[in-house]
Every structure is written in C-alpha cells, then in structure tokens.
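**Q** Based on what follows, work out the 3D shape:
(one chain, ligands or ions: 1)
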Amino acid sequence: MLDQASATTADLWARAERAIPGGVNSATRRIGRPLVIERARGAHVWDADGRRFIDYHAAFGATLLGHADPVVGEAVARTLVDQDLVGMGVSRLEIECAELVNAMIPSADKTILTMSGTESTFQAIRLARGVTGRDLIVKFQGCFHGWHDAVSRNVISTPEKAYGMDPTSSGILAPNLEATLIAEFNDLASVQELFARHKDRIAAVILEPIPHNIGALLPDQAFLEGLRALTEEEGALLIFDEVITGFRHAPGGYQEICGVMPDLTTYGKAMGNGFPVAGMSGRADLMDQFSSAGGSVLLAGTFNGGPASTAAAIATLTHLRTTDFHQRVFALGDRLRAGLAAITEDLGIEACVTGYGSVVICYFMPMRPKGYRDLLEHHDDKAYAEFHRRMYDHDILMLPMSLKRNHITGAHTAEDVDQTIDAARVVLTEMAH
Ligand code: PLP
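**A** Residues are numbered from 1 along each chain as shown. Have a look, this model is predicted:
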C-alpha cells in the first residue's frame, strides 16, 4: 500500500524513478530536481513537503482560469453524476461545445473534439493531405505542434541543426521527416521559395500564429496576410495551430486579433482548463471531408467528446466569453512585464521583456527577436534557464529551460505578481554580479 501521509518528496521521487521512466510522464516535466506535486489550487501549487509555489507554468498554459477552478469542477462533477462515456451518437454536451467554438472562432464553421493538441494537428494535416491530394507540409523552425511524426522536426534546434534535418525523436521514418519542409517565421520569402521548389506538392502551411514554444515571436501582420494570399494562390491550406493562443489571447483566438482567417484551426490546452479536451475547426466544405460526414478522411477516437472533458470545455469557454477575463489577465501580464523590464534596465542586463497578454517572456538578448535566426545569434539560453531555475529557489514555479514561457492565469493576483517581481529583483541582481 502507498503511505501517502508520511512520504516526503525525496521518498516519492525515488519511487517515481523506479516505477516510471525518468520519474515523469512527459520529458519536459523532468526539471533537474525532484518535484512531486501534492496539490494545485488557484495560482498556487504545493509539493509533497508542503512547500508552496506561485505557478507560472500552469500546466504548459492549460489551466487558464487557475487550478481547480470551482465553476469548471462543478460542471464536471454534475456531468459525472449522469453520464460517463457511451460512444454512440452524440451528446448534448458535444453539440453545445461545438456550437460554442463555432460561435467564438471567426473561421470555424464546424468543429471536431479530440483529446490533445497532438491529435488535433494530426487530424488537420491529414485532412489537408486528404482534400488536396498533396504530400508535403510546411512548418516553421521553432514551432511545436505535438509529438506525431509529421511535425517532429526543427523545434528548438542548435545552430548546426536549424533549418536542416532535426528530428525531435528517434524512431521516425525518414520519408515522414522529409515530407515536412522547414521555413523561417516572419520571412515570407522562405515560404515562397518552398512553394516554387515544390510546385503543386504542398498540402498545407501550419504555424503557431505567435510561436510561443520559443517564447513569443510576434508576427508581422504582412507575414500573416502574405501566408494567407500565398496558400490561396498555390491551392494549399493555411492551418493556425492555436493550441496555445486559442481562447487565451481572445475568445476567438489570435485570428480574431489579426483578422487573418485560416482554413483550419487547432486548439487544446486552455480549452478545458486542464481537462483533456482539444479540437479542430474549419470551413464546412473541408470539415465535411471527414468520414463522419461521408468523406474519406477517417475521424475516430474512443474518448473524443467525452462528457467530463466536454463539460469542462463548455464551462471554460463560457467563462472566457462572458467575463472580463482577458482584460484582467492582460493587465497582470503588463504589470509583470513592466516590473521585469524595470529591473533589467536598472541592472543594465541585456534583456527583452516581451510576450503577449497573459504570456510573459524575458529573453536574454539586446533586441526583440523577429525570427528563429535572431534567437540563434543573440539569445543567451543559459541565462534564461538560470533565471527560471533561481526563481524556483524563491518559490516561483517557472519551467527551468530556455525559451519556456510563463503564464498568468485568472487566479493570479496583483500580490502574486508583485511577489514575483520582488523575487526577480533578488535573482537578477545575483545574476548580474
Ligand atoms: N500545438 C502547440 C502549439 C503546442 O504548444 C502543443 C503542446 O505543447 C501541441 C500542439 C500539442 O498538444 P498536446 O500536448 O496536447 O498534445
């Protein structure tokens, strides 16, 4: 039997390492020191030793409203009294959820529900290949779209491997990697060149409209508009991977902000405030190519649209749609950015404090990066990871790896942010000396 009450982090971590490869269930959760989570509520998490952290990791941004949000929890609990999973037909919840997403996301006519962002981008890419009959896709160096083979190239690359063949994993067949072409974010010419070189073979261009997997590269409006025009001209689909930006930056995702409409959009993370629910939307003529509507692109998944997760999504999306949520978290994001910028300026540290809304980034470089090349040439990865590592020592949970972003949630307060700024002053002062 597990003796939970008396176990310390050290005991539990030893057991985790014996029972689970590396002690964790996703590689980036291993942070170079033992961490066993006991409890998570609001903006805080507690480890097995009772230590309390202010959490800016927020489950890679999934817990957008804060941990254990009572409204979401109540919706899930209510649902579980009535149903678990039937797996035939459709539930009222699935209908309501799809209608909500279609109403919120400007380019969405129809929506499917999946279990993860990975499944959503997988489905979007397969649909794009299915409807165009083409084999290649274009992704950008630095963007992450999940762990399936079609997107397992060129996320965080070293200078030698950037733009070359840089698989994120072994075990992927070469043809799968070669079918994914790599371009430079904010550089339309790099995409035009690929279309010229691979005439009538590119099925889709997929991008994070703000590449948050490498911090926050802010897109040039002309770049996004250029991608829209180019893909249309070339008969390829434009896929916005809004797994991070979707719902977080606006009820209608980043497409609501930039006004550029993709053909397909993927979501995940914040959609169910930590419950495993994700989705994919698009134009009706494209979405109707799924086998559920008589098309040739297989739509399957035992747990798709599961009641508990779908109830969590409805509660989360309804909250985002009907409250001043974005205004509040954007203001806190600005407060944290202003605090960090003042410190780096006072200390003469070469830093670019940036981000978007509730996502906060402190790049250690003298200018704002426009593309991945700028990060390769100018960013101090060691300082970034060190900053996050030292913040942990001050009970601030930030993922201690370079380019990992920080998230403000609906549960953070101005006091949390001010405490974070105080800790950052101590840490950055130590780092500057
Ligand atoms: N797309 C983006 C932009 C992501 O950041 C992620 C995960 O970090 C994914 C897709 C994959 O989502 P999941 O981890 O839910 O499979």
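**Q** Excluding chain neighbours, what is closest to the closest residue to the ligand within the stretch 101-250 of the chain?
**A** The ligand sits closest to G117 of the stretch 101-250 of the chain, with a gap of 2.3 Å, by Cβ to the nearest ligand atom. Quick note: C-beta positions are derived from backbone N, CA and C, even for glycine. Nearest non-adjacent residue to G117, counting by Cβ to Cβ, 6 or more residues apart in numbering: G268, 3.1 Å away.
**Q** Can you give me every residue that contacts the one you found?
**A** Applying Cβ atoms under 8 Å, 6 or more residues apart in numbering to G268 gives the contacts A62, T114, S116, G117, S120, V243, G246, V277, A278, G279.
**Q** try it again with 10 Å
**A** Residues in contact with G268, defined by Cβ atoms under 10 Å, 6 or more residues apart in numbering, are 60-62, 114-121, 146, 241-244, 246-247, 276-280.
**Q** So which bits of the protein are right by the ligand?
**A** Proximity of the chain to the ligand, by Cβ under 6 Å from any ligand atom, involves residues 60, 116-118, 121, 144-146, 208, 213, 241, 243-244, 268, 278.
**Q** 5 Å - rerun?
**A** S116, G117, T118, H145, G146, E208, D241, V243, I244, G268 (Cβ under 5 Å from any ligand atom).
**Q** Same list (these) but as JSON lines, adding pLDDT.
**A** JSON lines is the format used below for the residues of the chain next to the ligand (pLDDT from 0 to 100):
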{"residue": "S116", "pLDDT": "98"}
{"residue": "G117", "pLDDT": "98"}
{"residue": "T118", "pLDDT": "98"}
{"residue": "H145", "pLDDT": "98"}
{"residue": "G146", "pLDDT": "98"}
{"residue": "E208", "pLDDT": "98"}
{"residue": "D241", "pLDDT": "98"}
{"residue": "V243", "pLDDT": "98"}
{"residue": "I244", "pLDDT": "98"}
{"residue": "G268", "pLDDT": "97"}
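**Q** farthest pair in these?
**A** Greatest spatial distance in these: S116 and E208, 15.7 Å, computed using Cβ to Cβ.
**Q** How about the secondary structure of the residue nearest to the spatial centre of the chain?
**A** The chain has I244 as the residue nearest its centroid, 3.3 Å off, counting by Cα atoms, centre = their mean. Look at I244: counting by DSSP: H, G, I helix; E, B strand; the rest coil, its state is coil.
**Q** any idea how far the closest residue to it other than its chain neighbours lies from R41?
**A** Excluding its sequence neighbours, the residue lying closest to I244 (Cβ to Cβ, 6+ apart) is H212, at 4.5 Å. H212 sits 25 Å away from R41, going by Cβ to Cβ, to the nearest Å.
**Q** Could you do I105 as well?
**A** Noted for I105: a distance of 30 Å to R41, by Cβ to Cβ.
**Q** Same check on S170?
**A** 39 Å.
**Q** which one of those two has more residues nearby?
**A** The neighbour comparison of S170 against R41 (other Cβ atoms under 10 Å) goes to R41, with 15 against 5.
**Q** residues in contact with that one?
**A** Applying Cβ under 10 Å, 6+ apart to R41 gives the contacts R52, D55, G66, H67, A68, D69, P70, A411.
**Q** Now do the strands in the stretch 101-250 of the chain.
**A** Applying DSSP state E, counting those that start in this stretch to the stretch 101-250 of the chain gives strands spanning 110-114, 136-140, 180-183, 202-207, 237-241.
**Q** buried residues in the helix or strand in which I421 is found?
**A** Using DSSP states H and E, I421 sits in helix 414-432. By neighbour count on 16 or more other Cβ atoms under 10 Å, the buried set for helix 414-432 is D416, V417, T420, I421, A423, A424, R425, V427, L428.
**Q** Now flag whichever of the residues you listed is closest to the ligand.
**A** Among the buried residues of helix 414-432, T420 lies closest to the ligand (Cβ to the nearest ligand atom), at 22.9 Å.
**Q** Would you confirm that that closest one contacts H394?
**A** Yes. Using Cβ atoms under 10 Å, T420 makes contact with H394 at a distance of 8.6 Å.
**Q** list the residues that contact both of those two?
**A** Jointly contacting T420 and H394 under the rule Cβ under 10 Å, 6+ apart are I54.
**Q** In the stretch 301-433 of the chain, which residue sits closest to the ligand?
**A** Closest contact between the stretch 301-433 of the chain and the ligand, by Cβ to the nearest ligand atom, is at R405 (9.5 Å).
**Q** can you dump the C-alpha coordinates of the longest helix along the chain into PDB?
**A** Determined from DSSP state H, the single longest helix within the chain is helix 325-347. Coordinates of each C-alpha in helix 325-347 appear next as PDB, following Å, rounded to 0.1, in the frame of the first residue of the first chain:
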ATOM      1  CA  PHE A 325     -11.200  37.600 -18.100                       C
ATOM      2  CA  HIS A 326      -8.800  38.800 -20.900                       C
ATOM      3  CA  GLN A 327      -8.700  42.300 -19.700                       C
ATOM      4  CA  ARG A 328      -7.800  41.200 -16.200                       C
ATOM      5  CA  VAL A 329      -5.000  38.800 -17.200                       C
ATOM      6  CA  PHE A 330      -3.600  41.100 -19.800                       C
ATOM      7  CA  ALA A 331      -3.300  43.800 -17.100                       C
ATOM      8  CA  LEU A 332      -1.500  41.400 -14.900                       C
ATOM      9  CA  GLY A 333       0.800  40.400 -17.800                       C
ATOM     10  CA  ASP A 334       1.600  44.100 -18.400                       C
ATOM     11  CA  ARG A 335       2.300  44.500 -14.700                       C
ATOM     12  CA  LEU A 336       4.700  41.600 -14.600                       C
ATOM     13  CA  ARG A 337       6.400  42.700 -17.900                       C
ATOM     14  CA  ALA A 338       6.800  46.300 -16.600                       C
ATOM     15  CA  GLY A 339       8.300  45.100 -13.300                       C
ATOM     16  CA  LEU A 340      10.800  42.800 -15.000                       C
ATOM     17  CA  ALA A 341      11.700  45.400 -17.600                       C
ATOM     18  CA  ALA A 342      12.400  48.000 -14.900                       C
ATOM     19  CA  ILE A 343      14.700  45.600 -13.100                       C
ATOM     20  CA  THR A 344      16.700  44.500 -16.200                       C
ATOM     21  CA  GLU A 345      17.000  48.200 -17.100                       C
ATOM     22  CA  ASP A 346      18.200  49.200 -13.600                       C
ATOM     23  CA  LEU A 347      20.700  46.400 -13.600                       C
END
